[in-house]
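K.L.:
the following block contains a protein sequence and its predicted model.
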Amino acid sequence: MQLTPFCLMLSCLRVSPNRSQFFRYDTITLTCEDQSNSTSWKVKRETPAGGVRPCSSGWGSTSLGSTCIIGSTYPSDSGVYWCESVDGEQSNGVNITITDRDVILESPALPVSQGAAMTLRCKAEANSNHVFNFYKDEHLISSSSTGEMTIPSVSKADEGLYKCNISGGGESAASWLAVEASPSPSASPPAASCSVSVFRLLCHVLVGTPYLVSTILLGLIYRDRKRAARTVGGRRGSNDVIMEIVV
């Protein structure tokens, strides 16, 4: 499955396993990926009590650099997670749902690129023979005995709110599937400097501008002085010739 090009441009929050719904007591690994300096980014979330806290500050069992592990999830861990740098820059936000239900829908946590293949899975906590029904925007779109529904080539029309249920009554929560435009084939891969924010880029420009201007001014002054020296030298030579004629 191809993920959105957005993750190639800025620090991106990765979720492992790559899905947006989890059963209670599942383990989730959240990682900030940044091409320039991944250690400067930390996983954060807004807590149920209010306020923004980083990993291992009231939630999360382990924090290793830019990686956060939630060892045993609870419904209270549901919410939006993101990466944040020491300068206050923020990555994409990922909505994660921890449920007490018997069924979850395994859908990508990050947006999917147009044209990519994608598989949705309807998973029951208790394994048994079921008929799995998939819904998009409250409309039944597919039924399966395997619990999987594959879209061979994702398009913008596939974007929407998905859920599933099983024969016997269990139903998952709904999750939004986002679809992003695929990168242009002719576009060259982004350089590592693409992870630098616009703010940092402006700072570099502002810092470097005085040096550039100073260099240009010194060059102009040197050129003008050189021209002036040549002019004076020429005038002196002319005066010497005149004096010789008068004598």
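P.N.:
Yep, it's here.
K.L.:
give the buried residues for the helix or strand containing Arg53.
P.N.:
Assigned by DSSP states H and E, Arg53 falls within strand 52-54. Within strand 52-54, no residue counts as buried by 16 or more other Cβ atoms under 10 Å. The C-beta positions use only the backbone N, C-alpha and C, and glycine is treated the same way.
K.L.:
and Glu46, how many neighbours?
P.N.:
14 (other Cβ atoms under 10 Å).
K.L.:
quick check: it vs Thr99, distance?
P.N.:
Separation of Glu46 from Thr99 (Cβ to Cβ, to the nearest Å): 19 Å.
K.L.:
same check on Thr73?
P.N.:
10 Å.
K.L.:
how about the helices in the protein?
P.N.:
198-246 (DSSP state H).
K.L.:
and the residue nearest the centre of it?
P.N.:
Cys12 (3.2 Å; Cα atoms, centre = their mean).
K.L.:
which ones are touching that residue?
P.N.:
For Cys12, the contacting residues are 6, 32-34, 83, 91-92, 110, by Cβ atoms under 8 Å, 6 or more residues apart in numbering.
K.L.:
ok, back up a step: overlap of the contact sets of Thr73 and Thr99?
P.N.:
Applying Cβ under 8 Å, 6+ apart, one finds that Thr73 and Thr99 are jointly contacted by 22-24.
K.L.:
re earlier: what sits closest to the residue nearest to the centre of the chain if chain neighbours are left out?
P.N.:
Glu33 (5.1 Å; Cβ to Cβ, 6 or more residues apart in numbering).
K.L.:
same thing with Ser145?
P.N.:
Closest to Ser145 by Cβ to Cβ, 6+ apart is Val131, at 6.1 Å.
K.L.:
verify the stated contact: that neighbour with Ser167.
P.N.:
Yes - under the criterion of Cβ atoms under 8 Å, Val131 makes contact with Ser167 at 4.3 Å.
K.L.:
closest to Thr62 out of the contacts of Cys12?
P.N.:
Cys32 (14.5 Å; Cβ to Cβ).
K.L.:
hmm, back to that, ok, now which ones touch the residue nearest to Ser145?
P.N.:
143-145, 166-167.
K.L.:
what about the residue nearest to Ser72 when sequence neighbours are not counted, how many residues nearby?
P.N.:
The shortest distance from Ser72 to any non-neighbouring residue, by Cβ to Cβ, 6+ apart, is to Tyr25 (5.2 Å). Tyr25 sits with 10 neighbouring residues when counted by other Cβ under 10 Å.
K.L.:
please tell me how far Tyr25 sits from Ile98.
P.N.:
Tyr25 is 9 Å from Ile98, by Cβ to Cβ.
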